[in-house]
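Engineer: The sequence and its predicted three-dimensional model are supplied below.
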Amino acid sequence: MTAVAHGHHDVLVVGGGAAGLMCALTAGQRGLRVAVVEHANRVGKKILMSGGGRCNFTNTGTSPANYLSANPHYCKSALARYTPWHFIEMVERHRIAWHEKELGQLFCDVSSKLIVKMLLDECDAAGVRIHTSCAIERVSLDDDGRYRLKTTHGDMSAPRLVVACGGLSIPSMGATGFGYELARRFGHEVLPTRAGLVPLTLSGKHLERMDGLSGVSLPVTAHSNGQSFTNAMLVTHRGISGPAILQISSYWQPGDALHLDLLPGEDALEWLQRQQAARPAAELQTVLSEAMPKRFAQRLCEVWLPGRASHRPMRQLDPAQLKAIAGIIGAWPLVASGTEGYRTAEVTLGGVDTDGLSSQTMESRRVPGLYFIGEVVDVTGWLGGYNFQWAWASGHAAGMAA
Ligand code: FDA
């Protein structure tokens, strides 16, 4: 008790988000004296706002293939040792009702507040001290191997420091670049960061062509840089969003080609040929309006499809015309100008280079006792619960090792 009152701990965790809380409770359960230092007025703000307030807390299909990183192997060990089923076991122990939405995505039935409460209850039971509204003024590493934090709640020290500050997404929720600064200060490489899982913006004539379509949603397969995702696309006031677009945004950068297949699961040419055979008297626009939202089909016909083809009966379209139309419908060449940026991005790509970290423990290879976990590290998941699973798994790995 005296030791803790004087700020001496075994482990200090910077950042009370998903990864930091998981690390803290795991280390606390091992009997270590742990403190979490959170500069915001409460912990777990992103958990609270996640999944539309219901927190998509994991994905039962999690595999290393669902993550982007300069080293795709880095996440394997931690993910294998703390699986979605470990987290589900904790959720069930706390009697939190959950349901599967699509593709293995698990959500709370009631509220993401229950996930934060569960993590806080576990921290409490493990004796973890949590300091909120606690700003860090200085971090140093003494000759005796102790990390010292000068904070607005007093000085704290420990031989282990876990950096769990998250990424740059949603600054209004407490996101800062502090974790990257700490990494650089201790000699770590930080790979360039950019917004991921983020809506794409259009500009100029590309935006004008979408005028009035805001709110229209349709299934697409979005392709860029060798990746593709099939899901809904939503037209917004500034561009395009929806799960298919958020997913592909992590693989796309300005200037890269982006193709949207507007008839996912179909070969567009074969589909048009089938329509032509079955409904020779129907106009192309009518046929398309039955396969996608009417307003969208009309605009597609007005702006993107060749000449007057849209108002001709299908039987009048010759093979070359059908092929040209199929080329546009199957790989709609929308030109995005950028992304909405960190203001609305769910995650930050890039971050602390995994080359300098142990994939077993998340500990720095350069500076003993320093750990990096969660989103601050260059490991970024797809949409669908994968980012929390990385936060839990990396937090658990560090909590077991620290
Ligand atoms: P996280 O951001 O959770 O925590 C970092 C903490 O560090 C914050 O509490 C922050 O205030 C604190 N901090 C920062 N700087 C500090 C400093 N200088 N001193 C002290 N503390 C500091 N993922 C998913 O799997 N399923 C989902 O449903 C969603 N939904 C979702 C919705 C929205 C709107 C967003 C923005 C994101 C998601 N995500 C998600 C992504 C998920 O929230 C994210 O990947 C994890 O929260 C990352 O966990 P971390 O603990 O690494 O960072």
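Structural biologist: Noted; the coordinates are in hand.

Engineer: Can you classify the residue lying closest to residue 126 once chain neighbours are set aside by secondary structure?
Structural biologist: Residue nearest to residue 126 in three dimensions, not counting chain neighbours: residue 28, with 2.8 Å by CB to CB, 6 or more residues apart in numbering. Where you see a C-beta, it was placed from the backbone N, CA and C, and this is true even at glycine. Three-state assignment for residue 28 (DSSP: H, G, I helix; E, B strand; the rest coil): helix.

Engineer: pLDDT at residue 28, what is it?
Structural biologist: Per-residue confidence (pLDDT) for residue 28: 98.

Engineer: Could I get the contacting residues of it?
Structural biologist: Taking CB atoms under 8 Å, 6 or more residues apart in numbering, we find residue 28 in contact with 34, 123, 126, 127, 128.

Engineer: cool, and residue 309?
Structural biologist: 284, 301, 317, 321, 325.

Engineer: mind running it again at 6 Å?
Structural biologist: Taking CB atoms under 6 Å, 6 or more residues apart in numbering, we find residue 309 in contact with 284, 321.

Engineer: do you know how far it is from residue 185?
Structural biologist: Look at residue 309 and residue 185: by CB to CB, to the nearest Å, they are 61 Å apart.

Engineer: Buried ones from the contacts of residue 28, can you make that a PyMOL selection?
Structural biologist: A single PyMOL command suffices to select whichever of these are buried according to 16 or more other CB atoms under 10 Å:
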select buried, resi 34+123+126+128
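
Engineer: filter the contacts of residue 28 by proximity to the ligand?
Structural biologist: Checked against the ligand using CB under 6 Å from any ligand atom, the contacts of residue 28 give no members in range.

Engineer: which one of the contacts of residue 28 sits closest to the ligand?
Structural biologist: residue 123 (13.6 Å; CB to the nearest ligand atom).

Engineer: List of residues touching stretch 260-278?
Structural biologist: Contact partners of stretch 260-278, identified using CB under 6 Å, 6+ apart, comprise 219-222, 230, 287, 314, 322, 326, 329-330, 332, 334.

Engineer: buried sites along that stretch?
Structural biologist: Residues of stretch 260-278 classed as buried under the neighbour-count rule (16+ other CB under 10 Å) are 260-264, 266, 268-269, 271-273, 275-276.

Engineer: circling back to that earlier point, and the residue nearest to residue 126, how far is that from the ligand?
Structural biologist: From residue 28 across to the ligand, the span is 16 Å (CB to the nearest ligand atom, to the nearest Å).

Engineer: Check residue 232 too.
Structural biologist: Here the criterion is CB to the nearest ligand atom. By it, residue 232 lies 16 Å from the ligand.

Engineer: Contacts only, for the nearest residue to that residue once chain neighbours are set aside.
Structural biologist: Nearest residue to residue 232, sequence neighbours excluded (CB to CB, 6+ apart): residue 242, at 4.4 Å. Taking CB under 6 Å, 6+ apart, we find residue 242 in contact with 232, 233, 234.

Engineer: Please apply the same query to residue 238.
Structural biologist: For residue 238, the contact set (CB under 6 Å, 6+ apart) comprises residue 201.

Engineer: pLDDT at it, what is it?
Structural biologist: Looking at residue 238, its pLDDT reads 97.

Engineer: Tell me the backbone dihedrals of it, please.
Structural biologist: phi -110, psi -10 (degrees, to the nearest 10).

Engineer: what about the helices in the stretch 101-250 of the chain?
Structural biologist: In the stretch 101-250 of the chain, the segments counted as helices under DSSP state H, counting those that start in this stretch are 113-125, 178-185, 204-208, 243-249.
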